[in-house]
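coords please:
(one chain, ligands or ions: 1)
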Amino acid sequence: MTHDEIIKALFDETLVGNAPAVLELTNQGIADGMTPGAILFDALIPALEEVGARFERGDFFVPEMLISGKAMSGALNVLRPLLAETGAETVGTFLMGTVKGDVHDIGKNLVNIMLEGAGFEVIDLVCKYHQRSSLQQLLSTSQTSLVCQRS
Ligand code: B12
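Numbers count the residues shown, from 1 in each chain. This next block holds a predicted model:
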């Protein structure tokens, strides 16, 4: 398969939520020398944008969004170490938050990976630091930034 064919197949399989095919194509692309950025920005993200457009038109419903999202998350697990590996020294800490009740986490997880790749320690509040005192302590250091996911 050419790189263009891999991108097209990745787009199509993410759109229909075929997680095993998305995983296989991602691995194939990486093994064939494609950059994680190309896979992400030329195939996976455009596919989810198309899923959103179809949802808005009433052609897709929540289950379709869910399986496409899961297919993308599987590919992100493969891309994560590649996107994050820069060897940069820790330059500060980000506290990543999610608005209560919002389950969209793919974009946030991607931002986490990018920040880690840029040398930040990321503390994702979804899983850690529920205690107010721990938060206050972290926020009191000048190197800590608090960011929040929007959807
Ligand atoms: C997959 C998906 C789902 C999945 C989420 C699975 C998951 N684990 O995340 C499921 C099926 C669960 C879901 C549910 C719902 N969804 Co939905 N979903 C999507 C979809 C198709 C893709 C989102 C995505 O992951 N995109 C890929 C990522 C990489 O892009 P991103 O999120 O935009 O993130 C990028 C930037 O925004 C930014 N970013 C994101 N977060 C952060 C945080 C920080 C700090 C920073 C700096 C940057 C940043 O960086 C990212 C990388 O570039 C979008 C459509 C779309 N066009 O976005 C709808 C969409 C977000 N969903 C929508 C809706 C309406 C819903 C539901 C209310 C549907 C319903 N009737 O139940 C529920 C809400 C459930 C809830 N309580 O939260 C709407 C939201 C409209 C709005 N804003 O008002 C959208 C836009 C679809 C639409 N066009 O109508 N959804």
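
What is the burial count for residue 28?
14 (other Cβ atoms under 10 Å). C-beta: built from backbone N, CA, C; applies to glycine.

Relative to the ligand, how far out is it?
Remark: distance between residue 28 and the ligand (Cβ to the nearest ligand atom, to the nearest Å) = 21 Å.

wait, isn't that residue in contact with residue 7?
No - look at residue 28 against residue 7 with Cβ atoms under 8 Å: they stay out of range, at 11.4 Å.

how about the strands in the protein?
Using DSSP state E, the strands of the chain run over 92-98, 120-124, 144-149.

Verify the contact between residue 120 and residue 96 for me.
No - between residue 120 and residue 96 there is no contact under Cβ under 8 Å: 9.9 Å.

What are the buried residues along stretch 56-68?
60, 64-65, 67-68 (16 or more other Cβ atoms under 10 Å).

Compute the first-to-last residue distance for that stretch.
15 Å (Cα to Cα, to the nearest Å).

just for this protein, where's the confidence low?
Low-confidence segments of the chain, defined by pLDDT under 70, span residues 86-88, 126-139, 141-151.

if we go to 80?
For the chain, applying pLDDT under 80 flags the ranges 84-91, 97-101, 117-119, 125-151.

middle-most residue in it, spatially?
residue 110 (3.0 Å; Cα atoms, centre = their mean).

What helices and strands are in contact with the longest helix along the chain?
Once the chain is assigned using DSSP state H, the helix that runs over the most residues is helix 62-84. Here helix 62-84 touches helix 3-15, helix 19-31, helix 36-39, helix 45-57, helix 106-117, going by 3 or more Cβ pairs under 8 Å, 6 or more residues apart in numbering; DSSP states H and E.

what's the third one packed up against?
In this case it means helix 36-39. Against helix 36-39 (3+ Cβ pairs under 8 Å, 6+ apart) you get helix 3-15, helix 19-31, helix 62-84.
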